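Trainee: A structural model of the following input is requested.
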Amino acid sequence: MAFSKFPQPTGCPGQARKGAIAATTALLLIPIAGMLAFAVDYGYVLRERSELQRMADAAALAAVQELVPKADLSQDLAATRAAVRQYVQMNLTDFDAFTVLDEDIEIGRFDPATVFTNLTIVNDGVADTVRVTLRRDTATNPGVPMFFARVLGMDSSDVVVTATAVLQKARYLPPGSGVLPFSVPESHWNGLPEGHVWSIYGDGHLEDGAGNMIPGNWGTVDIGISNNSTRDLSDQIRGGLYQDDLNALNGESRIPTNEYIDGDLDFYVNGDTGLSGGMRHAVADVHGQTRLIPIYDDLAGHGGGTDFRIVDWGVVQVVNSEFRGNGRTFVEIKKTYLYDGDLRPNHDLSDTSHSISAAFTTPALIE
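Mentor: From the prediction side, this is the model:
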């Protein structure tokens, strides 16, 4: 009887490998399940925080309007505090009674010198600021419940949010405080008579009042953050420059300060893609109103990388507009005069010049 010199396998190697893979997979499932559980809990906390922040913003905006002085210049601070609690309770319907602590409703006057640093509320003068803090920190209100983290002993997570709203002071605003983010060649501005009406088209070309095409680049420009979105441009059309616009220009070393734009300063701005349908409602909202329009004397680059050198600002009136595709999209504007002054941002709370004592306009969120 012959015997093999080689040992014969006593089991199935394939089954051994399958067993090892199964064991490894089982071990890996534990951290994977943990990460998934963390993602679910974390996402839920973020959602609840966003909802609480939205409620704090709304409560602060609603309550600050109670600070508008009465005819005798008195203010009802108790009504302001009550407005915070009433607004929160009406809208946080998941709670039978949501507690807002007395110390979490701050009422006073904001210090303009601290707007861009750490906003300080002082207790003298006419109150114009409400700061609201809402807490889900277990001690004041139930925290945000956890689902999977309970197995690690975490039943809830603390969430605290803050919102500050101010009454903007009514001002004697300089003429043409808003802007149109459209560019005008200096040579054509100087060659047009005052009162002349022309049309800026969606593809960047321009026609005079007789329908004759005027040569040159008449596209939109980014007076602020490069590659502005249509939403940003629409905000500028409605409300003028904002602090973020000046911060961006200063951050890119296009202007020397983020407090204002010197009307006599020559500086470059980035070109944009032209009129789009997303601007339709913004332009329609300012029909009949005056706006500042940048005037340039030089171009650098081409296409989306074009830079315009702004040398002046003209005051124009928005006459009419249509948005029906590039070929039939246009904005009609009427020339008036050159603007000689500084351009300051809308909601510039650090600037108290030209303000009217104890007179206020729309409230604004500042933190």
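
Trainee: helices of the stretch 251-367 of the chain, start to end?
Mentor: For the stretch 251-367 of the chain, applying DSSP state H, counting those that start in this stretch gives helices covering 280-285.

Trainee: three-state assignment of Thr133?
Mentor: Following DSSP: H, G, I helix; E, B strand; the rest coil, Thr133 is assigned to strand.

Trainee: run a quick neighbour tally on it.
Mentor: Thr133 has 18 neighbouring residues, counting by other C-beta atoms under 10 Å. In short, each C-beta sits where N, CA and C put it, glycine included.

Trainee: is it true that it touches Val161?
Mentor: Yes - look at Thr133 against Val161 with C-beta atoms under 8 Å: they come within range, at 7.2 Å.

Trainee: between those two, what contacts are shared?
Mentor: Ala56 (C-beta atoms under 8 Å, 6 or more residues apart in numbering).

Trainee: okay, stretch 57-65 in CSV with CA atoms only?
Mentor: Listed in CSV are the C-alpha atoms of stretch 57-65, where the atom choice follows Å, rounded to 0.1, in the frame of the first residue of the first chain:
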residue,chain,number,x,y,z
ASP,A,57,-34.0,86.1,15.6
ALA,A,58,-37.7,86.5,15.2
ALA,A,59,-38.4,87.2,18.8
ALA,A,60,-35.7,89.9,19.0
LEU,A,61,-37.0,91.5,15.8
ALA,A,62,-40.5,91.5,17.1
ALA,A,63,-39.7,92.8,20.6
VAL,A,64,-37.4,95.6,19.5
GLN,A,65,-40.3,97.3,17.7
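
Trainee: what separates that stretch from the chain centre, distance-wise?
Mentor: Distance of stretch 57-65 from the chain centroid (C-alpha atoms, centre = their mean, to the nearest Å) equals 18 Å.

Trainee: now do stretch 148-163
Mentor: 29 Å.

Trainee: from here on, count from 887
Mentor: With 887 as the first residue, the last one maps to stretch 1034-1049.

Trainee: show me what counts as buried in that stretch.
Mentor: Using 16 or more other C-beta atoms under 10 Å as the burial criterion, the residues of stretch 1034-1049 that qualify are Phe1034, Ala1035, Ser1042, Ser1043, Val1045, Val1047, Thr1048, Ala1049.

Trainee: without its sequence neighbours, what residue ends up closest to Gly1126?
Mentor: Spatial nearest neighbour of Gly1126, chain neighbours left out: Gly1064 (3.7 Å); criterion: C-beta to C-beta, 6 or more residues apart in numbering.

Trainee: do the same with Trp1075
Mentor: Nearest in space to Trp1075, with sequence neighbours left out and distances taken as C-beta to C-beta, 6+ apart, is Ile1181 at 5.2 Å.

Trainee: next one: Pro1031
Mentor: Sequence neighbours aside, Ser1042 is the residue nearest to Pro1031 in space, at 5.3 Å (criterion: C-beta to C-beta, 6+ apart).

Trainee: over to the one you found: give its phi and psi.
Mentor: phi -150, psi 170 (degrees, to the nearest 10).
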